[in-house]
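> A predicted structure for the sequence below; I have some questions about it.
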Amino acid sequence: MSAADQDAATQMFVDQDMGEYSPPTFVAPGDEAFTLSHEGGEHEAFEDLARQVADAHGVRYADSRTRHDCIELQTEHWTLQMERLVNAYLDYRYRDTGDGLPAPEESKAGAQYLMDVELVDMFTRRRATLPYKLHHLYPNELPFHFARSLLTTKSIAFVLGSVSKLSTPYRPYLNVQLTIAYDVYLDILGHVNCQIKKALGRDTDNWRMLNSCPACFYRLEDEPTLDFDWLVSIDGNNSLKRWDTSTYGVSPRVDTRRARSDYWLDDDYVDRFKYEVSSRTNRDSDTDNWQDLASADPDVPTSFTCVERWRNAGPEQRKRMFSMFHETGIFIASCRHRFVLLACNMVKSGELAKYPLAVISKLMSVYGKNGGCAYDIGCAFSTTLRNSSLGPQSEDLKLRMMLDWHPQYIRGTGHAEGEGCEHVFAASNELARSTRHATSFHRHQAIEQHFAFWDADKYAALSKYLRVHFEEAVRAISTLASELDVIKKEYNLIDDDFVQFHADERSYLENLKQPAVRDQLLIRYVQILDELEAYRAEWDAAREAANNALTEVPVGNLEELSVAIKRSRLRVDTSYAKLQYAETHTSNVEMRLGIQPRWEIGSEEYKRYKAEATMVKYRAALDELERLVVMRLFELSKIAMTGTGYKLRQQIGKALQRRSEAIRNAIIRYNTQAAALNPPRPPISWKDIAEYSFLGEFDLLRHSRADVRDNDWAKPAFRQATVKFFKLQRAREELKHVSVEVRHLQTSIHDEEAHIAKITDELLVSNHPLASELKRQHRSRHAINELHLHRLDQITRHPQYVGSRGVGVRLKTSISDAVGVEGHNNHADMDRAEQVESQPAGDLLESELRQIGATEYADLAALGNEEDTSGDQ
């Protein structure tokens, strides 16, 4: 019977006063009409009879339901049971004795049983008979009373990979059942977490974004002002693609289940910004060569522009993805401590501008003003953002894209490298094998589970992150300050000199992108003067030819005389029109350049730029070659620098290989233009370029517009000193950042512990199973918080610590008030604050961790006392 029929039958027994109604044994959802006990062999007999009938008539049952119908029916049935399954799960957890088994219950006489049920665990597979309770409406409520362990991602993978160890060959139906069980398990956990969030007041919009990283967003009253109130990085990744099922030539695999977390921005929200970059879609070129772009004039190299040479900054037509994929990747935002804040799908495209625009829009609406955003194509995206509908809002909120090269040269960034998303992608790439052929729902489920585990790991390591960065900043300040003092005394430099060196270097490289505009106009002016002189000579020649035209015609030949007059008039008129156009063009250029009077042919200015005009192509080829070689030299110095990691060395090595091919092509263009000069310049070879190790050895730069070898910023000692200076500034900022973030985390832990203790006490009265689950979930968080307090206490006791000590008060903003700030204004909270501030961290850690068990305490104590010499993970 269906659930509705069972209710009707029960009500009938009650109405007729026929005693207690005992429902029959139930089977899986969807098969309620088929209720055989399997005891007397009816099932085997029926299967044998059905097989004989099918063989005799040649008829085979065909299921007309589509896969979509099956999924929807299955989802509908599980939805009907979900509330009772959640209650059964909470009851199971409440009666858990600590070893995964619920407290035993006495069997009552006349109890009903489910016979011969197959149980599959991580290491065993057996059959059992399970009694059900009278209050059970669905058989799926039973396993919670007899399960030894609930499935997790790793346990399911273990079971599927170890069926041979269970003396059982691989069975597809077990795969399907375990997949369904895992989906339902996660759904149950999702509903439980929703109840807990509601009880804690954490079910409001944007609560996770405002509280996922307390070091970043748990702002306090009367705290020091930082250059950035919030700092994030955004980027896209195309590893987590999903195959479009329509590619197979079958109907799409539709699954209407939705993601359970609030990490995701839905497609409709993202598509609001799809028409923001129409001005960049009208590009003729569809090339995507980052290093060596072809030019319309083969003799003139293409000038450097970030949009043309960086893949993600290019026009929208370039960002195409294979049509076989539906989701082609993800675009995320992460904070400076690498917590995942937001994510959205990249659908049937590359990294289009609508994805960062949608993410920026959400970030600004949640975090407000004075934010900073790092993006690997921020130079191009900043223009897109300014010209989009978000431009006025970003200006009002003072959102700043982190431009100006490396974050090392940007004030207020500290030691943030702006690559938090890359750390996330390095771990999430492992999901690519499981998401490539999954449904949209299961792809979302896998990604959001990974992000949840990732954020939990980042929170567990947050105090370690702060301690490592604090120690690095202290060491950097001590070392760099002493080294800079020696350098400044030796070369008679001041701090302003290092800032000027950086500005000069940037100006130099900027000028290599395009020739000087005035020089180009003056060269063109000389060419126009030559053209004007040529047109004037042509007009004079036309008038003289017209005067002599009649003398060459025989007397009396009126027809030839008429033809000669027409030809002469046409030639005179044409030459005069050209002369008039040249005069007008020359006057316009003179007005633009402010030239008065007109240069004479043969004057000193004319000779200078006449010679310059003959070298313009040569100089363009030289500038391109110089730019590539200078970049190569800087990369070579970086790859040999102490502290350069293995991955960065690999990236630099690949860039050098690509740039080497570009340099070879630039050498060919240079030699072509050098041979055309008078006198010709000597050619160069790849061997000459490959042997250069620094600017001082680059004799070719003597023929450039400016010889940079004698500039102070290009000297090795000054360059290294400039780098040390900016590293010192960022280290001092990092010390200030960490000092602020330490108090953020300390206050967040204090408020969280007090708030959860209060809510737990309330739930013990109103909902004991939910209170038990909340205490169980918070047990590991509590242990992590105590480790945090231990590490934070080590930081605050350091003599170089510059922040405030003790617990603060969270800043009451309009946004934080809307999402339920956890305050600490009662006496119990203040007592706890005094205890945290007065009691030594080691004693506090030891006394409170003993409550969670000796084994856990030993592990956590060892973790808390370890020396983090390996750096931040």
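Done, it's in.
> show me where pLDDT drops low in the stretch 751-873 of the chain?
Residue ranges of the stretch 751-873 of the chain with pLDDT under 70: 813-873.
> what about the helices in it?
Using DSSP state H, counting those that start in this stretch, the helices of the stretch 751-873 of the chain run over residues 768-796, 814-818, 827-838, 841-849, 854-865.
> again with the stretch 251-400 of the chain
267-271, 306-309, 354-367, 378-387, 391-396.
> next, the angle from the longest one to helix 378-387.
Right, helix 354-367. 70 degrees (axes from the mean of the first three to the mean of the last three C-alpha atoms, to 10 degrees).
> helices or strands up against helix 354-367?
helix 207-211, strand 230-237, helix 267-271, strand 325-335, strand 340-347, strand 371-374, helix 378-387, helix 391-396 (3 or more C-beta pairs under 8 Å, 6 or more residues apart in numbering; DSSP states H and E). To be clear about C-beta, it is placed using only N, CA and C from the backbone, and glycine gets the same treatment.
> mind listing what the fourth one pairs with, with the direction of each?
Taking DSSP bridges as the criterion, strand 325-335 forms sheet pairs with strand 230-237 (antiparallel), strand 242-243 (antiparallel), strand 340-347 (antiparallel).
> test my guess that residue 215 contacts residue 747.
No. Counting by C-beta atoms under 8 Å, residue 215 does not reach residue 747; the two are 10.7 Å apart.
> buried residues in the helix or strand where residue 76 lies?
Secondary structure assignment for residue 76, by DSSP states H and E: helix 67-94. For helix 67-94, the neighbour count (16 or more other C-beta atoms under 10 Å) marks 71-72, 74-75, 77-78, 81-82, 85-94 as buried.
> try stretch 668-676
669, 670, 671, 673, 674.
> now do stretch 617-634
Quick answer for stretch 617-634 (16+ other C-beta under 10 Å): 617-633.
> any chance of a markdown table for the helices and strands packed on helix 354-367, columns mean neighbour count and distance to residue 365?
Formatted as a markdown table, the helices and strands packed on helix 354-367 follow (neighbours: other C-beta atoms under 10 Å; distance: least, C-beta to C-beta, whole Å):
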| stretch | mean neighbour count | distance to residue 365 |
| --- | --- | --- |
| helix 207-211 | 20 | 10 |
| strand 230-237 | 25 | 13 |
| helix 267-271 | 14 | 11 |
| strand 325-335 | 24 | 13 |
| strand 340-347 | 23 | 11 |
| strand 371-374 | 23 | 11 |
| helix 378-387 | 19 | 15 |
| helix 391-396 | 14 | 9 |
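> which stretch among the ones you listed comes nearest residue 585?
helix 378-387 (32.9 Å; C-beta to C-beta).
> output that closest one as PDB - backbone C-alpha positions only.
The C-alpha coordinates for helix 378-387 follow below in PDB (Å, rounded to 0.1, in the frame of the first residue of the first chain):
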ATOM      1  CA  GLY A 378      43.000  43.500 -13.800                       C
ATOM      2  CA  CYS A 379      44.500  46.100 -16.100                       C
ATOM      3  CA  ALA A 380      42.000  45.200 -18.900                       C
ATOM      4  CA  PHE A 381      39.100  44.400 -16.500                       C
ATOM      5  CA  SER A 382      39.400  47.700 -14.700                       C
ATOM      6  CA  THR A 383      38.500  49.500 -17.900                       C
ATOM      7  CA  THR A 384      35.600  47.100 -18.400                       C
ATOM      8  CA  LEU A 385      34.400  47.600 -14.900                       C
ATOM      9  CA  ARG A 386      34.600  51.400 -15.200                       C
ATOM     10  CA  ASN A 387      32.600  51.400 -18.400                       C
END
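> which residue packs closest to residue 501, ignoring adjacent ones?
Distance criterion C-beta to C-beta, 6 or more residues apart in numbering; nearest residue to residue 501, sequence neighbours excluded, is residue 713 at 4.1 Å.
> look up how far residue 720 lies from that neighbour.
11 Å (C-beta to C-beta, to the nearest Å).
> and if you look at residue 747?
For residue 747, the distance to residue 720 equals 41 Å [C-beta to C-beta].
> among these two, which residue is more densely surrounded?
Neighbour count, other C-beta atoms under 10 Å: between residue 747 and residue 720, residue 747 has more, with 23 against 14.
> picking up where we left off before, now the helices of the stretch 251-400 of the chain in a markdown table, with distance to residue 481 and mean pLDDT?
Shown next, in a markdown table, are those (distance: least, C-beta to C-beta, whole Å; pLDDT from 0 to 100):
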| stretch | distance to residue 481 | mean pLDDT |
| --- | --- | --- |
| helix 267-271 | 47 | 92 |
| helix 306-309 | 35 | 48 |
| helix 354-367 | 34 | 93 |
| helix 378-387 | 31 | 80 |
| helix 391-396 | 37 | 89 |
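> adding distance to residue 205, write the ones you listed out as TSV.
Output for the helices of the stretch 251-400 of the chain, formatted as TSV (distance: least, C-beta to C-beta, whole Å):
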stretch	distance to residue 205
helix 267-271	13
helix 306-309	36
helix 354-367	9
helix 378-387	24
helix 391-396	19
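> to residue 430, which of those lies closest?
Judging these by C-beta to C-beta, what sits closest to residue 430 is helix 354-367, at 22.4 Å.
> show me the contact partners of that closest one.
Helix 354-367 has contacts (C-beta atoms under 8 Å, 6 or more residues apart in numbering) with 206, 209-210, 217, 229-230, 232, 234, 236, 265, 269-274, 276-277, 331-333, 341-342, 344, 346, 371, 373, 375, 381, 384-385, 388, 390, 393-394, 397, 399, 815.
> much appreciated, bye for now.
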